[in-house]
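A.B. asks: curious how this folds, go ahead:
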Amino acid sequence: RPVFQDRLRAMAESLPSSNPAPEPGSPPRRRYVRAVGPRLRILLATVFGLFALLGANSVYLSAITLLNWLARDSNVSYENYFYQFMFLAHLVLGLLLIVPVVLFGIFHIKNAWNRPNRRAVAVGYSLFATSLVVLITGLLLMRVAGFEIKDPTTRRVLYWVHFAAPVGCVWLYILHRLSGPRIKWQIGLGWAVAVGVVVLAMIGLHRHDPRLWNVQAPKEGEKYFHPSSARTASGNFIPAAALMNNEYCLECHPDVYKSWFHSSHRFSSFNNPFYMFAVRETREVALKRDGSVQASRWCAGCHDPVPFFSGAFDDPKFDMTNHPTALAGISCTVCHAITSLEGGHKGLIGNGNYTIEEPVHYPFAFAPTNSLAYFINLQLVKAKPDFHKKTFLKPLHKTAEFCSTCHKVGLPY
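C.D. replies: Predicted coordinates for the structure are as follows:
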């Protein structure tokens with residue numbers, strides 16, 4: 001229909017005019033300007049593309065939010081590693097959408113404000129205003145250092161407005177187009193199918209565990225941990241870096257970090273000269289008697305978790321003085337990564353009878369502290385703290401039995 005109208009207009013303009021020439025002094029005829037010209041079409045396509053990606057992203061985030069709400073009484077969080085990236089993508093896409101939406105709205109209104117189809121114009125104004133509401137509420141919900149709305153009631157109102165406004169945008173856009181040129185439903189259906197495909201892809205990626213990227217397992221399998229009662233949840237080693245990043249905790253928990261820094265837990269390993277003397281003797285005697293230092297693993301489950309679970313401890317030539325893991329002690333992450341108070345044995349027998357797993361951190365947790373990536377990591381923790389809480393603080397951490405798993409000795413044969 002628009003193409004046909006353009007051709008008719010071009011034919012009419014090419015014919016000799018039967019109207020008399022305008023009289024001198026009369027106002028000139030206003031030149032026809034298309035409401036959405038070629039340049040605006042490019043800008044509109046950009047808005048549609050970003051909106052489609054943001055729509056797929058929003059469907060995924062909403063589904064995870066619903067699942068978290070349904071599991072609110074448990075210690076399960078569906079806001080995993082992939083979710084954090086998708087939440088970050090939501091912020092980035094929203095920021096990228098601001099300039100195209102504002103520019104398109106301004107120039108489109110400039111071209112169409114005085115059109116005779118007043119209903120289309122009025123609905124267009126409402127659509128532009130609702131789009132601005134989406135963008136403004138999104139900005140207000142961001143948690144950025146120096147600017148953060150903390151009042152829970154205000155945030156709840158902003159959240160639901162931000163959630164409902166996009167639905168209003170879709171409805172108003174349909175009304176706007178129904179008042180003007182015919183809607184090309186086939187194109188809209190194509191966009192909807194593309195969004196559905198992206199959502200399905202995100203569901204598949206959501207199930208991916210980043211801890212599987214660099215898996216290393218003991219050659220002995222489960223026997224590696226014997227005679228210690230401690231076990232890893234996967235039966236694999238845990239990278240030392242994942243258990244040693246205490247300075248990461250310092251950023252938000254300086255009081256707890258200070259308490260740990262001066263505690264016996266920090267000096268539980270080879271940074272304690274008395275313990276180092278005892279274990280060195282144990283390893284030397286075991287090596288002569290058994291041909292391995294395996295017996296000293298009994299101590300490592302409680303005292304040397306970082307070298308033990310990372311696989312360095314089993315080396316007879318392990319440098320107790322200079323190896324980075326030898327001085328780690330019982331780090332913050334070691335205690336908070338414990339998932340169960342039963343490791344290699346049933347019941348509370350002590351001697352490190354626990355199960356530990358490599359915790360899943362937010363993206364960029366190990367980036368340099370002065371980098372943009374580290375700043376983004378901190379913003380994600382502030383924006384979505386539930387994942388952090390449920391990863392590092394479990395119900396078992398509030399029990400006396402949790403302490404007894406190491407502060408109780410059981411002597412195996």
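
A.B. asks: you'd agree Met320 is up against Ala326?
C.D. replies: Yes - the criterion here is CB atoms under 8 Å, and Met320 meets it with Ala326 at 5.1 Å. Backbone N, C-alpha and C define where each C-beta goes, glycine included.

A.B. asks: which neighbours do these two share?
C.D. replies: Phe270 (CB atoms under 8 Å, 6 or more residues apart in numbering).

A.B. asks: let me see the ranges of the helices in the stretch 301-413 of the chain.
C.D. replies: 305-310, 332-336, 372-383, 385-392, 400-404 (DSSP state H, counting those that start in this stretch).

A.B. asks: tell me what the fourth one is packed against?
C.D. replies: Other helices and strands packing on helix 385-392, by 3 or more CB pairs under 8 Å, 6 or more residues apart in numbering; DSSP states H and E, are helix 332-336.

A.B. asks: show residues contacting the helix it packs on.
C.D. replies: 242-246, 249, 256-257, 260, 265, 305-306, 356, 359, 391-393, 397.

A.B. asks: next one: stretch 49-66
C.D. replies: 78-79, 83, 86-87, 89-90, 93-94, 96-97, 100, 163, 166, 191, 194-196, 198-199, 202-203, 206.

A.B. asks: could you redo the last one with a cut-off of 7 Å?
C.D. replies: 78-79, 83, 86-87, 89-90, 93-94, 96-97, 100, 191, 194-195, 198-199, 202 (CB atoms under 7 Å, 6 or more residues apart in numbering).

A.B. asks: show me how to select, in PyMOL, the buried members of the residues you listed.
C.D. replies: Under the burial definition 16 or more other CB atoms under 10 Å, those of the contacts of stretch 49-66 that qualify are selected in PyMOL by:
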select buried, resi 78+79+83+86+87+89+90+93+94+97+100+195+198+199+202
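
A.B. asks: in strands, which of the contacts of stretch 49-66 fall?
C.D. replies: Nothing among the contacts of stretch 49-66 maps onto strands, per DSSP state E.

A.B. asks: in this protein, which spans are strands?
C.D. replies: Using DSSP E, strands in the chain cover 231-232, 338-340, 355-356.

A.B. asks: just the CA coordinates for stretch 270-280, please, in PDB.
C.D. replies: Only the C-alpha atoms of stretch 270-280 are listed here, as PDB (Å, rounded to 0.1, in the frame of the first residue of the first chain):
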ATOM      1  CA  PHE A 270      52.900 -24.700  57.000                       C
ATOM      2  CA  ASN A 271      52.900 -21.100  58.000                       C
ATOM      3  CA  ASN A 272      52.800 -22.500  61.500                       C
ATOM      4  CA  PRO A 273      56.300 -23.700  62.400                       C
ATOM      5  CA  PHE A 274      55.200 -26.200  65.000                       C
ATOM      6  CA  TYR A 275      52.700 -27.800  62.700                       C
ATOM      7  CA  MET A 276      55.200 -27.800  59.800                       C
ATOM      8  CA  PHE A 277      57.800 -29.600  62.000                       C
ATOM      9  CA  ALA A 278      55.200 -32.300  63.000                       C
ATOM     10  CA  VAL A 279      54.000 -33.000  59.500                       C
ATOM     11  CA  ARG A 280      57.500 -32.900  58.000                       C
END
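
A.B. asks: quick one: low-confidence ranges for the stretch 151-300 of the chain?
C.D. replies: 179-181 (pLDDT under 70).

A.B. asks: please apply the same query to the stretch 1-150 of the chain.
C.D. replies: 1-33, 145.

A.B. asks: can you add distance to Arg155 and mean neighbour count and give the strands of the chain back as TSV?
C.D. replies: TSV is the format used below for these (distance: least, CB to CB, whole Å; neighbours: other CB atoms under 10 Å):
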stretch	distance to Arg155	mean neighbour count
strand 231-232	39	23
strand 338-340	32	17
strand 355-356	35	22
